[in-house]
Each structure stands twice: as C-alpha cells, then as structure tokens.
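Q: Let's see this in three dimensions:
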Amino acid sequence: MGVETKKMANSIAAAGGNFGDRIKSWPERVRTFYNDVRTEMRKVTAPSWKEVRATTAVVVITVFIFAVYFAIIDNLIASGVKFLFDYFKTR
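A: Below is the predicted model of the structure:
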C-alpha cells in the first residue's frame with residue numbers, strides 16, 4: 001500500500017463513523033488531499049517538442065488506418081444488406 005493511500009486510510013479511519021466526526025475531520029482531509037496533489041504535480045513533466053510531434057504523427061496515422069478499415073467494413077456490410085434486401089424482395 002502506498003504512502004498516500006495509507007495517509008488517506010488513516011484520515012478516513014480518524015474521521016470516525018458518525019457525521020459530526022466526519023465534519024470535524026474535513027479540513028484535515030482537504031489539507032492532506034491538496035498536499036498530495038501538490039506532491040504529485042511536482043512529478044509531472046511536459047513533453048518535449050520532438051515527443052509531441054512523434055505522438056501526433058502516431059495519432060494521425062492510426063486515425064487514418066481506422067478510417068480506411070471502417071470504410072471497408074461499412075461497404076461490406078452495406079453490400080451484404082443490399083444483397084439480402086434484393087434477394088428477399090424478388091421472392
């Protein structure tokens with residue numbers, strides 16, 4: 001169990017079971033939450049321009065591949081449905 005999870009579990013356990021205890025512990029829980037957020041945000045780094053270009057290229061290529069794939073599948077299904085309608089229309 002991580003340190004943050006243990007702190008949150010201790011904070012919730014300290015809150016007790018009744019409503020009054022939970023209300024009293026609310027400021028401490030909020031303070032702990034914001035301290036945890038600040039700690040995690042210090043670990044965040046922005047990607048470099050090279051990484052942004054590379055991931056953008058991957059996304060554009062992937063979208064294009066899926067577009068072609070779904071266009072082919074859509075045409076196959078449309079042809080199959082048209083064939084079935086034409087087949088049963090003549091009967």
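Q: quick check: domain ranges of the chain?
A: 1-44, 47-91 (automatic domain parsing).
Q: Including mean neighbour count and mean pLDDT, could those go into TSV?
A: Bear in mind the C-beta positions are built from the backbone N, C-alpha and C, glycine included. Output for these, formatted as TSV (neighbours: other Cβ atoms under 10 Å; pLDDT from 0 to 100):
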stretch	mean neighbour count	mean pLDDT
domain 1-44	11	77
domain 47-91	10	95
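Q: Relative to residue 72, how far out is the spatially most central residue of the chain?
A: By Cα atoms, centre = their mean, the chain has its centre lying nearest to residue 59, at 16.3 Å. From residue 59 across to residue 72, the span is 21 Å (Cβ to Cβ, to the nearest Å).
Q: cool, and residue 52?
A: Counting by Cβ to Cβ, the gap from residue 52 to residue 72 is 31 Å.
Q: For the helix or strand containing residue 33, name the packing helices and strands.
A: Counting by DSSP states H and E, the element that carries residue 33 is helix 19-42. Counting contacts by 3 or more Cβ pairs under 8 Å, 6 or more residues apart in numbering; DSSP states H and E, helix 19-42 is packed against helix 3-15.
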